[in-house]
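Visitor: Predicted model and sequence follow; I will ask about them next.
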Amino acid sequence: MNTGFVKAVGEPGEPGDIQRIIHLSNRIGEAYEQLLDWKLQFLRTSVDDDFVKLMSLASEYSSNAITEMEEFSMNMYSTMEGHIANEHNNKEGTVITLKLTLSSPDTDAFHEELERLTRVYI
């Protein structure tokens, strides 16, 4: 994603390519949608009572990325909105820095539950 991002928005101080920015935005939106679907699929799956906690924990694997993408989107929107609103004060070549970091979820509880189920069923 980093390569596509740089191609879309340009290197620092370089102009972006609007068509690539639109394409990248659509791809990020699709990834966000897939993360939401992942979460919902685990929560909607019917399982025996013994496995409900495991499914709930599995659904949380995407929670960090969902939150981080939502925060990035809000930050990007407010940054761009502020930049546009103050356009008359902006110098030519103004650089806007936006950073999307997706972190790994804590999987300890999931693995503990998986181990508990393994002991019960095997």
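Guide: That came in fine, so what should we check first? Residues are numbered from 1 along each chain as shown.

Visitor: My guess is Gly10 contacts Ile21. True?
Guide: No: between Gly10 and Ile21 there is no contact under C-beta atoms under 8 Å: 9.4 Å. Bear in mind the C-beta positions are built from the backbone N, C-alpha and C, glycine included.

Visitor: List the contacts of Ile66.
Guide: Contacts were defined as C-beta atoms under 8 Å, 6 or more residues apart in numbering; by that measure Ile66 touches 32, 35-36, 39.

Visitor: Which two of these have the greatest separation?
Guide: Put simply, by C-beta to C-beta the two of these set farthest apart are Tyr32 and Lys39, 11.1 Å from each other.

Visitor: Kindly export stretch 13-26 (C-alpha atoms) in PDB.
Guide: Extracted as PDB, the C-alpha positions of stretch 13-26 are listed here (Å, rounded to 0.1, in the frame of the first residue of the first chain):
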ATOM      1  CA  GLY A  13       6.900  18.400  -1.800                       C
ATOM      2  CA  GLU A  14       5.700  16.900  -5.100                       C
ATOM      3  CA  PRO A  15       2.200  17.100  -6.500                       C
ATOM      4  CA  GLY A  16      -0.200  14.100  -6.300                       C
ATOM      5  CA  ASP A  17      -2.000  12.400  -9.200                       C
ATOM      6  CA  ILE A  18      -5.800  13.000  -8.700                       C
ATOM      7  CA  GLN A  19      -6.800   9.800 -10.600                       C
ATOM      8  CA  ARG A  20      -4.400   7.700  -8.500                       C
ATOM      9  CA  ILE A  21      -5.700   9.400  -5.300                       C
ATOM     10  CA  ILE A  22      -9.200   8.500  -6.200                       C
ATOM     11  CA  HIS A  23      -8.200   4.900  -7.000                       C
ATOM     12  CA  LEU A  24      -6.300   4.600  -3.700                       C
ATOM     13  CA  SER A  25      -9.200   6.100  -1.800                       C
ATOM     14  CA  ASN A  26     -11.500   3.500  -3.300                       C
END
